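Participant: This is a predicted model, with the sequence first.
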Amino acid sequence: MFRTCGVLQEEQLHTVPLKHEVNKMFLRSAWLAVLSGLLSLGLPSADWTAGNRVEDEGEGRQNDQATPDPKKPPHIIFILTDDQGYNDIGYHNPSIRTPTLDRLAAEGVRLENYYVQPICTPSRSQLLTGRYQIHTGLQHSIIRPRQPSCLPPRLHTLPQRLQQAGYATHMLGKWHLGFYRKACLPTRKGFDTFFGSLTGSVDYYSYGSCDGPGLCGYDLHDNESVAWGQQGRYSTLLYTQRARKILEGHDPTAQPLFLLLSLQAVHTPLQPPKSYIYPYRHMYNVARRKYAAMVSLVDEAVHNVTYALRKLGYYRNSVIVFSTDNGAQPFTGGSNWPLRGRKGTYWEGGVRGVAFVHSPLLKRRRRVSKALLHITDWFPTLLGLARANSSQSEGLDGFDVWPTLSEGKESPRQEILHNIDPLHKPPSPPGPRPGSGKWSQHIWDTSVQAAIRVGDWKLLTGDPGHGDWVPPQTLSSLPGRWWDLERTFTPSSASKTTANQNIWLFNISGDPYERWDVSAQRPDVVQALLERLAFHNRTAVPVFFPPDDPRADPALRGGAWGPWVEEEEGEEGRGVEEEQERYRGVYKRRERKEKQMSKLNAYFLKLNEQLTSSLV
């Protein structure tokens, strides 16, 4: 029987090298001695390109439950959550109740050196294409509801390749990869069926989605039609119910299945059913309380899906992947503690993701992997499991990491290009900026927002975003609308020491919380990583970030979001290419005016800083 809670009933759920150790000077600091137990910091590696070690909890066990059948590719269940932070799962934070996720991770392989992108659209595009966003044109921000933009038609997607390998492919939940033409829809990108929302943020009960005042519409779709009449049904439960129906209607012995369960949870708005809030009543931050309740709902949804996999005969030949799409937004209840930064930034809190793999097909289970992995790696890895030839998709940035996941072998990945965004260049302040020196003149323009990880080393240039450490339970600083939180251009008052800085270097293995910038001590490493950025940038395609199209207004289509550009039969994809050529070099521009902070907002910000300084 499906597990339920409170008022939710069962029927609802039919539901680069080193000569010296760069951090020794810091280890002499008195305050570090106080915090050493909290931060658990190690010494940097002797090889700056060696960052893919695998560490286990225990020896791992040989799995005697199931062995791969070369004639039967495995069923693949990919569960993607939205805005779930590093500190928002039980095995990182016992105050969050996620027994199902904890058990699945403990019995599988926990990924503790796994990276995603800092915001929604880039992560989803890299998952489905296996390419960095500099190779898709989606380097800048997210796709807004009124933007005529989507995945480039020239790129095959993961579900399209899986279809070619004989898979049935289904998607549930949040798309957020563009929909202005039918050619952009999930059903035209490789999914046999789609049930979910097309925009980035939807009400959990009414399925209303807004892109500014007065620009709202209904956003729930069944394949290519609007799914009217679902108001009042909570989205996490609704998607769980549909997942069960898909599993029940498919013969697991006849055809392999790929199910992408892309939950909108735990993105804002914070709307958990009341019965789920009660276990978190001790949390004085109301936003944190609601957020935690929504995480527990995700846990229950995963329980019900995995129960169905076992009951219906899928489990023994299945691979379950769980991943967040980016870090959490602390000012709306989430937590990345003790990592630095938040969603929309290139600090660890924005890009280090919660993830695990659970499968009877894993040869070494019950362990923690610290192998360097990235969200682009799922494309070739899952194709390899499906017995498909990933070499048919040229230009992939991902690696097949199944031997790493299953057997504990070293990861083939040595670096991650987090991003290069040429549009994200805030106005330079008068005078020289710390750390810029000769590098910006000869190797790289350090005012450009970029981030790269090579081995243990991580380099950031430009404006990485809000760089505080935000402990859980700090109070909200009264933020604006959710889309204003996607990207920050003005350093916070709590980050005055970095307000005019544009180069940072960290040894992530020795300093996982990015507290010690060693760019001044290691110019050799800085230069090497700047050269890597320049190398990657030579392969980048132009940014595609068109202005809003007034024809997207839902009022012009009966009150629902949906495609607004018509295309002739047989011309799918061609229109997208023409649209991208039309807007090449023309970008959407937003006014960014500094506003005076209200006295009340200033009070809350000051209180937040006091709380943070007492804990950091």
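Facilitator: That came in fine, so what should we check first?

Participant: contacts, neighbours, all on C-alpha from now
Facilitator: Will do.

Participant: pull the longest helix from this protein.
Facilitator: Looking only at the chain and at elements set by DSSP state H, the helix with the highest residue count is helix 286-311.

Participant: Need the CA coordinates for the next helix or strand after that one. PDB is fine.
Facilitator: Scanning forward in sequence from helix 286-311 by DSSP states H and E, the next helix or strand is strand 318-324. Taking Å, rounded to 0.1, in the frame of the first residue of the first chain, the C-alpha atoms of strand 318-324 are listed here in PDB:
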ATOM      1  CA  SER A 318      16.600  -0.500 -13.100                       C
ATOM      2  CA  VAL A 319      18.900   2.400 -12.400                       C
ATOM      3  CA  ILE A 320      17.500   5.200 -10.300                       C
ATOM      4  CA  VAL A 321      19.300   8.600 -10.400                       C
ATOM      5  CA  PHE A 322      18.400  11.400  -7.900                       C
ATOM      6  CA  SER A 323      19.700  14.900  -8.500                       C
ATOM      7  CA  THR A 324      19.000  18.500  -7.700                       C
END
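
Participant: so where's the stretch 451-600 of the chain shaky on pLDDT?
Facilitator: Along the stretch 451-600 of the chain, the parts satisfying pLDDT under 70 run over 474-499, 568-576, 579-580, 583-600.

Participant: swap the cut-off to 80 and go again
Facilitator: For the stretch 451-600 of the chain, the stretches flagged by pLDDT under 80 are 473-500, 567-600.

Participant: thinking again about what came up before, can you give me the buried ones in the longest helix of the chain?
Facilitator: By neighbour count, with 16 or more other Cα atoms under 10 Å as the criterion, the buried positions of helix 286-311 are 286-309.

Participant: cool, stretch 90-100 as well?
Facilitator: When burial is assessed from 16+ other Cα under 10 Å, stretch 90-100 yields the following buried residues: 90, 91, 96, 97, 98, 99, 100.

Participant: With secondary structure, distance to residue 145 and pLDDT added, can I get those in TSV?
Facilitator: Compiled in TSV, the buried residues of stretch 90-100 are given as follows (DSSP: H, G, I helix; E, B strand; the rest coil; distance: Cα to Cα, whole Å; pLDDT from 0 to 100):
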residue	secondary structure	distance to residue 145	pLDDT
90	coil	34	97
91	coil	35	97
96	coil	33	97
97	coil	34	97
98	coil	32	98
99	helix	36	98
100	helix	34	98
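
Participant: Between which two of the residues you listed is the distance greatest?
Facilitator: For those, with distances taken as Cα to Cα, the pair at the greatest spread is 96 and 100 (11.8 Å).

Participant: what do these two both touch?
Facilitator: Counting by Cα atoms under 8 Å, 6 or more residues apart in numbering, residue 96 and residue 100 have no shared contacts at all.

Participant: A strand includes residue 506, no?
Facilitator: Yes: following the definition DSSP: H, G, I helix; E, B strand; the rest coil, residue 506 is counted among the residues of a strand.

Participant: From residue 335, how far out is it?
Facilitator: The spacing between residue 506 and residue 335, counted by Cα to Cα, to the nearest Å, is 22 Å.

Participant: pretty sure residue 383 is in a strand, no?
Facilitator: No: assignment of residue 383 by three-state DSSP gives helix, placing it outside any strand.

Participant: hang on, it packs against residue 393?
Facilitator: No: with contacts defined as Cα atoms under 8 Å, residue 383 does not count as touching residue 393, sitting 10.4 Å away.

Participant: Nearest residue to residue 507 in space, please, no chain neighbours.
Facilitator: The shortest distance from residue 507 to any residue other than its chain neighbours is 4.7 Å, reached at residue 457 (Cα to Cα, 6 or more residues apart in numbering).
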